[in-house]
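Novice: just need the structure, nothing else, for what follows:
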Amino acid sequence: MASRRLLLGLTARRRRLQSRAPQLFSAASLLEATPSPSLSAAAAMAQSSGGSPGALLFASRTISSTRPAAQTAGDAPGPSPVDHKLIMSEDKFHKLADDTIHDLLEKLEEYGDSLQMDGFDIDYGNQVLTLRLGDLGTYVVNKQTPNRQIWLSSPVSGPSRFDWEAATNSWIYRRTGANLVQLLEEEISVLCGTPLELS
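Specialist: Numbers count the residues shown, from 1 in each chain. Predicted structure coming up:
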């Protein structure tokens, strides 16, 4: 009895979807919109033979747990393989990241001593640098070895991931082009009201 109700429900749902399919898309619109020659050819064939747009949509999708054996000419390729020769060695990453974080630690300690601000506290442990500025917020700087990045959590600009840029010898956030040291100098100087020089 339950299986019959399920079957009736699915049949009713299928009818509703079929009645809406022409309103949602058509073979002609798929023909104009698709960049794929194979899908474009299928859309043209469906349009000329009066085929259902829904049938075209689902016929153009391949569902498989294995990778396709061959790629149709003109279809977009998958992601490029990673060239591991271009990735920085782990030893080099640790040296660069540790030097940067230790330099930040030393200069921020000096800055805190000269500032005499309530709630200013700097801590370094487990390869994580934490700078507390009382009610103004907390900065966290840490290494992400698998990604070869330094991550920053800022109360002003939020989270950022910095990659080493050999051309400028600096850690750069690729999304915005921000330099880690310059970003920290600007934000902390504004928050504390006293200029900070980290470079």
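Novice: list the contacts for residue 108?
Specialist: With contact set as CB atoms under 8 Å, 6 or more residues apart in numbering, residue 108 has these partners: 122, 131, 198. Using the backbone N, CA and C atoms, a C-beta is placed for each residue, glycine as well.
Novice: sticking with it, tell me its helix or strand.
Specialist: Counting by DSSP states H and E, the element that carries residue 108 is helix 90-115.
Novice: any idea which helix or strand comes after that helix?
Specialist: Using DSSP H and E, the next helix or strand after helix 90-115 towards the C-terminus is strand 120-125.
Novice: quick one: the strands in this protein, in order.
Specialist: For the chain, the strands defined by DSSP state E occupy 120-125, 128-133, 138-144, 149-154, 158-165, 170-173, 178-179.
Novice: which among those strands is found nearest to residue 98?
Specialist: Closest to residue 98 of the strands of the chain, according to CB to CB: strand 138-144, at 7.8 Å.
Novice: pull out the buried positions in the closest one.
Specialist: When neighbours are counted by 16 or more other CB atoms under 10 Å, the buried residues of strand 138-144 are found to be 139-143.
Novice: save those as CSV, and put in pLDDT too.
Specialist: Formatted as CSV, the buried residues of strand 138-144 follow (pLDDT from 0 to 100):
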residue, pLDDT
139, 98
140, 98
141, 98
142, 97
143, 96
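Novice: go through these and say which is closest to residue 89.
Specialist: Set against residue 89, the nearest of the buried residues of strand 138-144 by CB to CB is residue 143 (14.3 Å).
Novice: nearest spatial neighbour of that closest one, skipping sequence neighbours?
Specialist: Setting aside the residues directly before and after it, residue 143 is nearest to residue 97 in space (CB to CB, 6 or more residues apart in numbering), at 4.6 Å.
Novice: same deal with residue 102?
Specialist: residue 124 is the one closest to residue 102 (CB to CB, 6+ apart), at 8.0 Å.
Novice: who's that neighbour bridged to?
Specialist: Residue 124 has these beta-bridge partners by DSSP bridges: residue 129.
Novice: picking up where we left off before, the residue nearest to residue 143 against residue 141, yeah?
Specialist: No. Using CB atoms under 8 Å, residue 97 is not in contact with residue 141; the gap is 9.5 Å.
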